[in-house]
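> Quick check, what structure comes out for this input:
(3 chains)
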Amino acid sequence: MEKDFFDQVYQVVRLIPEGRVTSYGTIGKYLGAPRSARMVGWAMNGSHRQDPPVPAHRVVNSQGLLTGKIHFETPFAMQERLEAEGIEVKKDKVVNFRQLFWDPSIELSLD
DNA sequence: ACAATGACTGAAT
DNA sequence: AATTCAGCCATTG
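You can find the predicted model right below:
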């Protein structure tokens, strides 16, 4: 079972600063799989059992919707964690998503 | 091997 | 801005 791709996804997600969010497609694109956004989400399915904690709650879809909250311990745990980091969540979607958006291909390049 | 599924995305309506 | 449609791709039945 190769999980190289998974590990890369987990690492990128762990690089997301608090109070910031990113999308599955962005991560996939950063890893060279811009058309495999679904695979990224599928990879996140096993993120909860990783020894190093993976802030999956900082990963949302391109619309800023908390589509993956249902896979958390509880459907509302994701929103609570985001709010705990200062991120406003309204009706399952991140407020000011565009401002809070974190793009590794940009943020990591600026040093 | 075929069909269905999904933590998605972008375009069209 | 919200909803729908079609495309994508690895996993699973």
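
> looking at chain A, which helix or strand does the model trust least?
When each helix and strand of chain A is scored by mean pLDDT, DSSP states H and E, helix A:104-107 comes last, with a mean of 87.

> which residues sit against that helix?
With contact meaning C-beta atoms under 8 Å, 6 or more residues apart in numbering, helix A:104-107 is reached by A:12, A:15, A:22, A:26, A:27, A:29, A:30. From N, CA and C alone the C-beta is placed, and that goes for glycine too.

> so of these, which ones are in helices?
Here DSSP state H is the test, and the contacts of helix A:104-107 give A:12, A:15, A:26, A:27, A:29, A:30 as lying in helices.

> returning to what we had before: hmm, which two among the contacts of helix A:104-107 are most spread apart?
With C-beta to C-beta as the measure, no two of the contacts of helix A:104-107 lie farther apart than A:15 and A:29, at 14.9 Å.

> who's more crowded, these two?
residue A:29 (18 against 15; other C-beta atoms under 10 Å).

> how about the more buried one, what does it touch?
residue A:105.

> ditto for residue A:48
Contacts of residue A:48 by C-beta under 8 Å, 6+ apart are A:54, A:56, A:71, A:72.

> Ok, residue A:99 next?
Counting by C-beta under 8 Å, 6+ apart, residue A:99 touches no other residue.

> one step back: which of the contacts of helix A:104-107 are buried?
A:12, A:22, A:26, A:27, A:29, A:30 (16 or more other C-beta atoms under 10 Å).

> got those residues as JSON lines, with distance to residue A:103 columns?
Output for those, formatted as JSON lines (distance: C-beta to C-beta, whole Å):
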{"residue": "A:12", "distance to residue A:103": "11"}
{"residue": "A:22", "distance to residue A:103": "7"}
{"residue": "A:26", "distance to residue A:103": "6"}
{"residue": "A:27", "distance to residue A:103": "10"}
{"residue": "A:29", "distance to residue A:103": "9"}
{"residue": "A:30", "distance to residue A:103": "8"}
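
> Leaving out the residues flanking it, which one is nearest to residue A:6?
Spatial nearest neighbour of residue A:6, chain neighbours left out: residue A:43 (4.6 Å); criterion: C-beta to C-beta, 6 or more residues apart in numbering.
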